[in-house]
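1. Give me coordinates for this.
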Amino acid sequence: MLGLAASTAPLSPVAAEVVQAAQQGFVVHEHTVVQPGHDQVWAALVQPALWWNKEHTWSGDAANLVLDARGGGCFCEAVPGAGSAEHMAVVQAVPGSMLRMKGALGPLQSEALAGVLTIEVKAAEGRTSIDWT
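-> This next block holds a predicted model:
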């Protein structure tokens with residue numbers, strides 16, 4: 001999130017808020033408004049190599065990430081010499097406005113855990129609103 005916001009020149013700080021917490025899970029929401037146009041933000045969102053932190057990859061290189069932004073698509077990573085990894089599966093995509101994925105990122109993959117990430121992109125008075133839940 002921070003990388004995408006940074007790559008699209010944020011106008012407001014990005015801060016996560018825990019909006020729900022229970023013993024079996026939690027919900028976090030992040031919101032920011034950026035200057036680039038709606039289409040530019042969506043184009044960057046579906047290219048994680050532009051904004052994903054390389055420190056949070058198996059390969060050490062965000063250029064190895066791909067995001068097939070359609071139902072059944074994959075947010076995946078090629079790991080040269082060591083195979084590949086699915087970070088999340090795309091369960092719903094509305095081009096230009098909403099992307100929903102499910103899975104367990106990184107070290108959580110080996111646990112009996114699941115998460116859902118919904119990213120909404122909306123035009124907002126000449127800027128673009130981005131919500132991550």
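
2. How far away from the center of its chain is the longest helix out of those in the chain?
-> Assignment by DSSP state H gives helix 38-45 as the longest helix of the chain. Relative to its chain's centre, helix 38-45 lies at 12 Å (CA atoms, centre = their mean, to the nearest Å).

3. ok, and what's touching the helix or strand following it?
-> Where DSSP states H and E defines the elements, the next helix or strand beyond helix 38-45 is strand 65-67. Strand 65-67 has contacts (CB atoms under 8 Å, 6 or more residues apart in numbering) with 46-49, 52, 57, 73-78, 87, 90. Backbone N, C-alpha and C define where each C-beta goes, glycine included.

4. Just give me the closest of the residues you listed to Arg127.
-> Closest approach to Arg127 among these (CB to CB): Val46, at 19.4 Å.

5. my guess is that closest one meets Met101, correct?
-> No: checked against CB atoms under 8 Å, the pair Val46 and Met101 is beyond contact range at 11.5 Å.

6. which element is Arg70 on?
-> In the assignment (DSSP H and E), Arg70 maps to no helix and no strand.

7. mind checking how far Trp52 is from Glu86?
-> For Trp52, the distance to Glu86 equals 14 Å [CB to CB, to the nearest Å].
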